[in-house]
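Here is a sequence together with a model predicted from it:
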Amino acid sequence: MSPASARVPARFGEQALPNWRRAVLKVGSSLLAADGGGLTPRFALGLAQFVSASVQAGREVVVVSSGAVAAGRAIIHRGAEAGTAMAERQALAALGQAQLIGLWQRFFERPVAQVLLTHDDLRNRRRYLNARATLRELLALGALPVVNENDTVSVDELKLGDNDNLAAIVATLVDADALFIASDIDGLYSANPRLHPDARPIEQVPALTPEIFAMAGDAGSAAGTGGMRTKLDAAAKASASGIETFLFNGTAAATVQALAQGRLTGTRFPPALNRLAARKAWLRHAPVEAGAVVVDAGAAKALGEKGASLLPGGVLTAEGDFRRGDMVEVVVRDGDASRRVARGVVQYSALDIRQIARRHSRDIESVLGYNYGGNIIHRDDLVLL
């Protein structure tokens with residue numbers, strides 16, 4: 001062995017974590033897959049302890065976990081093969097999903113909830129809202145949501161590193177402050193440290209430039225489907241949504257233990273904008289559907305001066321034929337004159353709104369037969385014009 005190849009890459013220093021209220025923790029297959037097949041609690045235990053410590057400190061955590069395919073292979077005793085047919089990989093995922101949830105449940109006294117999503121669930125605005133409502137309710141109930149791609153039906157899943165990007169989308173979905181990505185490498189280096197022992201650790205990445213992406217190597221383990229490039233893609237998505245990303249080595253016990261004490265050994269990706277600014281920018285510039293929610297002067301004042309959500313009691317009617325989850329404008333009507341006051345994502349269709357207009361929120365279910373919540377537009381989904 002040459003002296004150069006024997007050199008150990010430089011180590012990451014320790015930096016303080018900012019305060020956070022809600023986070024998504026992404027755990028890759030490389031941390032869960034056992035050498036002989038199946039799943040191992042070896043590294044999952046430390047990560048679960050980090051989750052528990054965070055919850056005890058009054059924080060909320062959603063886990064995005066890979067590992068179903070690896071678990072499925074152990075059930076039918078089939079090793080990993082390059083070029084495995086999609087249908088077979090989907091079947092392995094179906095076999096292994098219960099094993100994956102069982103692995104996480106063994107670490108917690110509180111219930112673990114399985115949430116399976118597809119790209120369609122996240123692209124379709126109405127299904128996106130339903131998924132967000134479910135995840136938020138699970139957190140409110142004190143459960144631990146464990147999210148995975150719905151491998152058994154999604155042809156887009158099992159592409160390179162999809163769960164890294166899924167984690168960034170889920171972080172936006174639940175309005176998280178932070179995205180923690182647990183990997184089997186210490187963080188981002190200036191080059192692949194497995195091939196270049198003189199690679200420099202990059203502790204903070206103020207901006208994800210082409211030069212930063214050029215530092216990313218290929219996938220680092222046979223068990224996982226992602227590499228450093230997909231982690232940078234995820235960090236870029238999170239940053240654009242005002243979410244800070246932290247990349248660390250989930251196989252290093254001391255590193256994981258330090259996270260619960262507010263210290264990071266790894267790479268930090270600050271957000272491009274704060275969360276509120278990123279959210280409001282999207283709301284202000286996203287295309288709107290034809291039609292509008294027409295409100296009275298009192299509702300317009302509450303929106304503008306109190307930062308309130310739009311309730312059905314202040315709504316006069318809905319114009320157009322928009323659907324739940326669409327972006328629409330809010331207008332106030334004074335006689336024959338109308339003035340735009342806001343825009344936002346509606347929780348109910350135009351047809352529904354016309355039926356519950358001027359009603360109290362508690363009457364929604366008795367009128368419609370169902371209830372998506374007491375708001376026509378929640379204040380988090382609304383921006384003033």
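Nice, I can see it.

which one is Gln355 nearest to, not counting chain neighbours?
Excluding its sequence neighbours, the residue lying closest to Gln355 (C-beta to C-beta, 6 or more residues apart in numbering) is Val367, at 5.6 Å. Quick note: C-beta positions are derived from backbone N, CA and C, even for glycine.

any idea how far that neighbour lies from Val345?
21 Å (C-beta to C-beta, to the nearest Å).

Just the mean pLDDT for the helix ranked longest in the chain, thanks.
If you go by DSSP state H, the chain has its longest helix at helix 86-105. Helix 86-105 shows a mean pLDDT of 88.

Centre of the chain to it, how far?
20 Å (C-alpha atoms, centre = their mean, to the nearest Å).

hang on, the earlier thing: who has more neighbours out of Val367 and Val345?
Shown here are Val367 and Val345; by other C-beta atoms under 10 Å, Val345 has more neighbours (21 against 13).

who touches the more buried one in this structure?
If a contact means C-beta atoms under 8 Å, 6 or more residues apart in numbering, then Val345 has 125, 129, 283, 325-327, 377-378, 381-382 as its contacts.

So which of the residues you listed are in helices?
Residues of the contacts of Val345 located in helices (DSSP H): 125, 129, 283.

With respect to Asp296, which of the contacts of Val345 is nearest?
Nearest to Asp296 out of these is Ile377 (C-beta to C-beta; 14.9 Å).

Just the pLDDT at the closest one, thanks.
Each residue has a pLDDT score; the one for Ile377 is 97.

And for Ile185?
90.

And for Asp381?
In this model, Asp381 is scored at 90, pLDDT.

quick one, phi psi at the residue lying closest to it once chain neighbours are set aside?
Excluding the flanking residues, the one nearest Asp381 by C-beta to C-beta, 6+ apart is Val345, at 4.1 Å. Backbone torsions of Val345, given as degrees, to the nearest 10, read phi -90, psi 120.

can you check Ile181 too?
Dihedral angles (degrees, to the nearest 10) for Ile181: phi -110, psi 110.

list the contacts for it?
So Ile181 contacts 26, 164, 167, 231, 234-235, 245-248 (C-beta under 8 Å, 6+ apart).

same question, Ala68
Contacts of Ala68 (C-beta under 8 Å, 6+ apart): 92-94, 96-97, 99-100, 148, 151.

Between those residues, which sits nearest Ile202?
Using C-beta to C-beta, the contacts of Ala68 come closest to Ile202 at Asn148, 29.1 Å.

what is the closest one paired to in the beta sheet?
Taking DSSP bridges, one obtains Leu116 as the residues bridged to Asn148.

how close does it get to Leu32?
Plainly put, Asn148 is 11 Å away from Leu32 if you go by C-beta to C-beta.

for Ser239, same thing?
As judged by C-beta to C-beta, Ser239 and Leu32 stand 27 Å apart.

Mind exporting the C-alpha coordinates of the longest helix of the chain to PDB?
Backbone C-alpha positions of helix 86-105 (Å, rounded to 0.1, in the frame of the first residue of the first chain) are rendered in PDB as follows:
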ATOM      1  CA  MET A  86     -38.700  -3.300 -11.800                       C
ATOM      2  CA  ALA A  87     -41.600  -5.700 -11.000                       C
ATOM      3  CA  GLU A  88     -39.300  -7.800  -8.900                       C
ATOM      4  CA  ARG A  89     -37.900  -4.900  -7.000                       C
ATOM      5  CA  GLN A  90     -41.500  -3.700  -6.300                       C
ATOM      6  CA  ALA A  91     -42.400  -7.100  -5.100                       C
ATOM      7  CA  LEU A  92     -39.400  -7.100  -2.800                       C
ATOM      8  CA  ALA A  93     -40.400  -3.800  -1.400                       C
ATOM      9  CA  ALA A  94     -43.900  -5.100  -0.700                       C
ATOM     10  CA  LEU A  95     -42.400  -8.000   1.200                       C
ATOM     11  CA  GLY A  96     -40.000  -5.900   3.200                       C
ATOM     12  CA  GLN A  97     -42.200  -2.900   4.100                       C
ATOM     13  CA  ALA A  98     -43.700  -4.500   7.200                       C
ATOM     14  CA  GLN A  99     -40.200  -5.600   8.300                       C
ATOM     15  CA  LEU A 100     -39.000  -2.000   7.900                       C
ATOM     16  CA  ILE A 101     -41.800  -0.500  10.000                       C
ATOM     17  CA  GLY A 102     -41.300  -3.300  12.600                       C
ATOM     18  CA  LEU A 103     -37.600  -2.300  12.900                       C
ATOM     19  CA  TRP A 104     -38.500   1.200  13.800                       C
ATOM     20  CA  GLN A 105     -41.300   0.300  16.100                       C
END
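
residues near the closest residue to Arg106 other than its chain neighbours, how many?
Using C-beta to C-beta, 6+ apart and skipping residues adjacent in sequence, the residue nearest Arg106 is Pro41, 7.2 Å away. Neighbours of Pro41 under the rule other C-beta under 10 Å: 15.

what does Ser361 give?
Neighbours around Ser361, by other C-beta under 10 Å: 16.

Touching both of Asn148 and Leu32, which residues are there?
65-66, 100.

could I get these as a markdown table with distance to His360?
Output for the shared contacts of Asn148 and Leu32, formatted as a markdown table (distance: C-beta to C-beta, whole Å):
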| residue | distance to His360 |
| --- | --- |
| Ser65 | 41 |
| Ser66 | 45 |
| Leu100 | 44 |
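
Who wins on neighbours among those?
Ser66 leads those on contacts (other C-beta under 10 Å) with 29 neighbours.
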